[in-house]
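Peer 1: Here's my sequence, what's the structure:
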Amino acid sequence: MKLGLQMGYWQKGPIPNMVGLAQEAEDLGYDSVFTGEAYGSDALTPLTWIGAHTSKIRLGTSVMQISARTPACAAMSALTLDHMSNGRLTLGIGVSGPQVVEGWYGQPFNRPLERTREWIDIFRQVIAREGPVTLNGKQYQLPLKGGMNLGKPLKSITHPLRSHIPVFLGAEGPKNVALAAEQFDGWLPMFVSPYRMDIYDDSLKNKPEGFEIPVSINIHLNDNLDEALLPTKWMLALYLGGMGAKNDNFHKNLMGRMGFGDAAQEVQDIYMSGDIEKAVNAVPDALADEISLSGPKDRIKERIQDWKKTDVTSLIVGRKETAEESLDVVRFMAEVTL
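Peer 2: So this is what the prediction gives:
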């Protein structure tokens, strides 16, 4: 099993010691480093900065939101960064959710599966550079129908370094996971339990040879297990209660498929009533424990063995609040995994 480093997206300001942390991970033998975006810092600029200060580690986005960029624009950025990093780019993409897509980007969220299929079609055409890019889709048309009627099919001026740049799909729902297995090089899941991977068996039945499943996971070192689980419980309460509409929350739906539906509904109800601390306490310890690596070091060493029995190809280690804490976790995971 490989290791990666999850930088995620910035909060109020830049990530402390971002470059130094990536360099340490590279020196320790980490396979990849990922950046993300929500509605603040973007994913590609920090990744480019990291790429300029490293030489071997794979560079990934987890995830780049497809509503933020047309597929041709994303392909331009990807082929540029792939050249500049000497072929180290892996692009992770996702549809985000309706609150961000419609509230931040001002784009419609309807028919996300259709939009993703058309998006990756255009992206692949640009990178392959076998001819002018065309698509007569429902979400995208190249050339555009209407407007000034002066558009013409174009082919990238710049020759990509590679004719195929790996693209992973961030997905939670069964149909989206199936799409990842059918048309992408890998799948970026959320909230994965190594003991409940069977819920994805049907969706992943068509995954090809070499299909990658990197799982982002938070590591909480603490001899007191209850205290170690608290950060994950706070995170779950936020995603269940504050990251999605009440009647359309992808994360809550996933918790239901994992067998925690009643608890997830309770957490959402309490969170939306305004009692956030009570919502945190309502998150089941078992759920927080299964999707993280928490507790004393020896316990975490044992739990890593359970991950190695799954189809997961990489554990993507989440960074901590401070640079010092992040370095401790990065070094610990390299010691016990690599």
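
Peer 1: Now do the same contact list for Thr35.
Peer 2: The neighbours of Thr35, taking CB atoms under 8 Å, 6 or more residues apart in numbering as the test, are Met7, Gly8, Tyr9, Ala43, Leu44, Pro46, Leu47, Ile50, Gly60, Thr61, Ser62. C-beta here means a position set from N, CA and C on the backbone, and glycine is covered the same way.

Peer 1: 7 Å instead, please
Peer 2: When the contact criterion is CB atoms under 7 Å, 6 or more residues apart in numbering, the partners of Thr35 are Met7, Ala43, Pro46, Leu47, Thr61.

Peer 1: doesn't Arg124 make contact with Leu135?
Peer 2: No - shown here, Leu135 and Arg124 do not form a contact pair, counting by CB atoms under 7 Å, at 10.6 Å.

Peer 1: if we can go back for a sec, list just the nearest of the contacts of Thr35 to Asn218.
Peer 2: The shortest distance between Asn218 and any of these, using CB to CB, involves Met7 and amounts to 13.2 Å.

Peer 1: Give me the number of neighbouring residues for the closest one.
Peer 2: Met7 has 25 neighbours, counted by other CB atoms under 10 Å.

Peer 1: mind checking how far the closest residue in space to Gly259 that isn't next to it in sequence is from Leu229?
Peer 2: With sequence-adjacent residues excluded and distances taken as CB to CB, 6 or more residues apart in numbering, Gly259 is closest to Arg196, at 7.1 Å. Arg196 sits at a distance of 17 Å from Leu229 (criterion: CB to CB, to the nearest Å).

Peer 1: what stretches of the stretch 1-150 of the chain score poorly on pLDDT?
Peer 2: Along the stretch 1-150 of the chain, segments meeting pLDDT under 70 are nowhere present.

Peer 1: show me where it has strands.
Peer 2: Counting by DSSP state E, counting those that start in this stretch, residue ranges of the strands within the stretch 1-150 of the chain are 2-8, 32-35, 58-61, 64-65, 89-94, 135-136, 141-142.

Peer 1: Parallel or antiparallel, which strands does the second one pair with?
Peer 2: Using DSSP bridges, strand 32-35 pairs in its sheet with strand 2-8 (parallel), strand 58-61 (parallel).

Peer 1: One more: the last one?
Peer 2: Each strand pairing with strand 141-142, determined using DSSP bridges, is listed with its direction: strand 135-136 (antiparallel).

Peer 1: swap in the fourth one?
Peer 2: Under the criterion DSSP bridges, strand 64-65 sits next to strand 89-94 (parallel) in its sheet.

Peer 1: Any buried residues in the strand it pairs with, and which?
Peer 2: Counting neighbours by 16 or more other CB atoms under 10 Å, one finds that the buried residues in strand 89-94 are Leu89, Thr90, Leu91, Gly92, Ile93, Gly94.

Peer 1: ok, these vs Leu188, which is closest?
Peer 2: Nearest to Leu188 among those, counting by CB to CB, is Gly92 at 5.0 Å.

Peer 1: who's in contact with that closest one?
Peer 2: Gly92 is in contact with Phe34, Gly60, Thr61, Ser62, Val63, Met64, Phe168, Gly170, Leu188, counting by CB under 7 Å, 6+ apart.

Peer 1: Out of those, grab the one that's most surrounded.
Peer 2: Counting by other CB under 10 Å, Gly60 has the largest number of neighbours within the contacts of Gly92, with 31 neighbours.

Peer 1: Quickly list what that one is bridged to.
Peer 2: For Gly60, the beta-bridge partners under DSSP bridges are Phe34, Thr90.

Peer 1: Check the contact between it and Ile93; I expect there is one.
Peer 2: No - judged on CB under 7 Å, Gly60 makes no contact with Ile93 at a distance of 10.6 Å.

Peer 1: circling back to that earlier point, out of Arg196 and Leu229, which sits in the busier spot?
Peer 2: When neighbours are counted by other CB under 10 Å, Leu229 comes out ahead of the other of Arg196 and Leu229, with 23 against 16.

Peer 1: Can you tell me how far Gly94 is from Gly170?
Peer 2: Distance check for Gly94 against Gly170: by CB to CB, it reads 3 Å.

Peer 1: joint contacts of those two?
Peer 2: The overlap between the contact sets of Gly94 and Gly170 (CB under 7 Å, 6+ apart) consists of Val63.

Peer 1: quick one: contacts for the residue nearest to the spatial centre of the chain?
Peer 2: Central residue of the chain (CA atoms, centre = their mean): Ser62, 3.3 Å from the mean position. Contacts were defined as CB under 7 Å, 6+ apart; by that measure Ser62 touches Gln6, Phe34, Gly36, Gly92, Gly170, Leu188, Ser216.
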